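J.: okay, structure incoming, though there's no sequence with it:
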């Protein structure tokens, strides 16, 4: 039996570097040493026994020389020692020495010190030998009447565990505890007594509760929690009792303890689906989130609200509480805010959207006033996206939202401004009525935009949607203002020359005449006003971008100027004005081309940008109807197609979500009677307390594949050969942060194998929790050994080792069987996840570890290969299906996944079909993987390489 199976309640940290002492020196210390040395020796004995040593010779020494001592530390250590020491002979009979121990504990149960009495009673809860407990029963009963609550509450626990394990020792325990409970005043004693009655005799517990149901609110929180559990279990087993106890649960929602409120709300939801009950529970959850300071608690309770929302009948009740849910936004934690906004967005309806938008607008304005912080930027981004979603779903709201959001186009945080720009682009295309408003606001903030990326987007929107003469003129004015003095090259050269000769600068600006207070004229030199122009910061924005060498914005400007010039020509009949406007646009493009070719910018203009600007100049010089159509109609159509495809995709995902939630019952579906359903079929009737206990212990049952046996057999690894003297195989059970190895060891010889030990070691970020205990195997016998391995990060790990044993009667050295390696698969820790394009690009730029894997497969279809990679790596394809549809001989897709440890993994698949090699040629290309840690990048690369090789077999 391993230490994992042999239940031990006490965990002790063992220093691994210390040398184990000999039995003789320990015996000497225990016999002749002072209290301090005896304490140290006893600690060493406990550690050695925990490590698998037997030490039978020390038992009598400890009984004679240590047990009579009255020192409290030694008494505490002795409780641990008696818990772990073997108390029976190999044939299962109790050791004779234990009678002496039993007598010592009978005296301790009558000791005047309440600590010694209480800790002894706690120790008795852990004993599994009825012969040891029987003589102690009168003393345990007497402890129920002790003056100190510490003794009484531990006496209740001792009686409960003894009654549960050996009912014949105290058959009247429920009656005894019920009488004790009625007369008891201390909260902790009442809680333990009530807890025992729930599990031992539920009817007595209910009788007691019925007598004091009106005083439940006055009880301590620990007792209230147990009462909630009892009510849940009773109503779960017998629904007819609900009416009797539901009022009590309602009252407990007002408890002063957050834990009681949380459990009561959870119980109320399972007992009743009436709107009033759901509203009361939801309100209780919201109060908890707002009042609790711990962010983890907030997230857990938010999850409960999200679960409530998943139920179609409860959703409408929660919609009325959206404004209360938004109060949670006062929490500074980003994760809590993110979850709250998502929940509010899911619950928004035409009834509450107006109020929601008002609150979100206030929050957006608030973020503008606080000092800049990384989370503030991210929060602003979240708010912008939420408002965007609201406006798309409820177009009436867009007019209120847009003016506030457009202020953020000039924000220093590019990510938030980009989100606003995306929203504005969608709004201006979808809502014709808002176009004049958006164009007007865009022209207002245009000169204040600081980011070149946002500037390009704003130029495109203005070029595409300015349709009146006045707006077109305003765009040209703003562009001229943003570009500064032209021609750019000449003015920049003059400025540089001016910096060298300050006295010549007087001629640059006009001389202004000012009237003083006395009525006389004063002349102001242009020298003073133009001196700050030396600073680069004083340059107009567009000029600054161009001089920094960013000519992509120039190509965007050329397209915008071409669009508005062609539109201006079609709107105006006067040839002179037409030519003047077109000429001005062409002059701007020409001066930018001149600047690009000069040595003034930090980086020269690229050939692509030159071609683009030259093309725009050619289009304006010819003004052909075909080009007019392409620039002024086709561009907008392509945006329209993109937005409609995006909307279609969103609708499709929403439809899938609603299909998941709407549980439709077919007329010919079988009716399930609760009394007749098997326990594993009672999905909705699962015991929540049992589930939470299992989750805490890490024993949550995963849903296995269609054939559970097949899926388990896949995880069995053969460790030794069939012809080895010891055959071993392991079932590898991965349970989130730890791995349990269940190793079957079979003795294939006709000899008895003694001290058969499984020795394991690990490679990678794995850590062996405990050393498996040695076994003795009879001829052709078998045994199971369990070993726990902790996992710290997402990377492939290897567990290796051997089995060593002695053959009884043989004088040879220890025998050893080397085990084959167990490879821990990274896929157990990776889950598909999604992120936006911007987030993907940001992570791609930040992550420093890259692994480039060459495609080597026999799959001939691009799409099939992509699906195969997705399946074998657990990653999610972020590239939309529409972008991957069709066939053009090559494919590029972005993949993303996240590990359970919160690590991100990115991959870019670039593959092609070499057509010149014929239709049966396999796919070629590369997969680039990026991750924050080296282990993740390498492990994913290995996984892809392995899965490719499997397909080519």
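T.: Noted; the coordinates are in hand. Bear in mind the structure is a predicted one, so any value in this text is a computation, not a measurement.

J.: pretty sure residue 770 contacts residue 790?
T.: No: applying CB atoms under 8 Å as the test, residue 770 and residue 790 come out as separate, 10.5 Å apart. All C-beta atoms are positioned from the backbone trio N, CA, C, and that covers glycine.

J.: how is the closest residue to residue 862 other than its chain neighbours assigned, secondary-structure-wise?
T.: The shortest distance from residue 862 to any non-neighbouring residue, by CB to CB, 6 or more residues apart in numbering, is to residue 891 (4.5 Å). Each residue gets one of three states, and residue 891 gets strand by DSSP: H, G, I helix; E, B strand; the rest coil.

J.: show me the beta-bridge partners of residue 891.
T.: Taking DSSP bridges as the rule, residue 891 bridges to residue 911.

J.: residues near it, how many?
T.: Other residues lying near residue 891 total 21 when counted by other CB atoms under 10 Å.

J.: where's it relative to residue 120, distance?
T.: Taking CB to CB, to the nearest Å as the measure, residue 891 falls 73 Å from residue 120.

J.: what do you get for residue 928?
T.: 65 Å.

J.: more crowded one of the two?
T.: residue 120 (27 against 16).

J.: is it true that the more buried one lies in a helix?
T.: Yes: using three-state DSSP, the secondary structure at residue 120 is a helix.

J.: ok, the residue nearest to it when sequence neighbours are not counted - contacts?
T.: Distances taken as CB to CB, 6+ apart place residue 108 nearest to residue 120, at 4.4 Å, with adjacent residues excluded. By CB atoms under 8 Å, 6 or more residues apart in numbering, the contact set of residue 108 is 75, 116, 117, 120.

J.: now, those that are in helices?
T.: Counting by DSSP state H, the contacts of residue 108 place 75, 116, 117, 120 in helices.

J.: so who does the second one touch?
T.: The contact partners of residue 116, by CB under 8 Å, 6+ apart, come to 72, 75, 108.

J.: state the number of residues packed around residue 854.
T.: Neighbour count for residue 854, taken as other CB under 10 Å: 11.

J.: and if you look at residue 553?
T.: Using other CB under 10 Å, residue 553 is surrounded by 20 other residues.

J.: cool, residue 381 as well?
T.: Residue 381: 21 neighbours (other CB under 10 Å).

J.: now it: which helix or strand?
T.: Following DSSP states H and E, one finds residue 381 within helix 374-393.

J.: does anything pack onto that helix? Which helices or strands?
T.: helix 334-347, helix 353-369, helix 398-406, helix 414-430 (3 or more CB pairs under 8 Å, 6 or more residues apart in numbering; DSSP states H and E).

J.: and of those helices, who's closest to residue 939?
T.: helix 334-347 (27.0 Å; CB to CB).

J.: contact partners of that closest one?
T.: 289, 295, 298-299, 302-303, 305-306, 309, 315, 318-319, 322, 325-326, 328-329, 331, 356, 375, 378-379, 382-383, 386, 389-390.

J.: ditto for stretch 821-829
T.: In contact with stretch 821-829 (CB under 8 Å, 6+ apart) are residues 717, 719, 730, 732, 734, 739, 741, 764, 766, 789, 791, 794-800, 872-874, 899-901, 936, 939-940, 943.

J.: re the thing from before, generate a markdown table for the helices and strands packed on helix 374-393, with mean pLDDT and mean neighbour count as supplementary columns.
T.: As requested, these are exported to a markdown table (pLDDT from 0 to 100; neighbours: other CB atoms under 10 Å):
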| stretch | mean pLDDT | mean neighbour count |
| --- | --- | --- |
| helix 334-347 | 86 | 19 |
| helix 353-369 | 79 | 16 |
| helix 398-406 | 77 | 20 |
| helix 414-430 | 79 | 21 |
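
J.: how about those, which one is nearest residue 781?
T.: Once the helices and strands packed on helix 374-393 are compared by CB to CB, helix 334-347 is nearest, at 53.2 Å.

J.: next, the angle from the closest one to helix 353-369.
T.: 160 degrees (axes from the mean of the first three to the mean of the last three CA atoms, to 10 degrees).

J.: chain center to helix 334-347, what's the gap?
T.: 14 Å (CA atoms, centre = their mean, to the nearest Å).

J.: returning to what we had before: wait, which of the contacts of residue 108 is closest to residue 882?
T.: residue 120 (72.9 Å).
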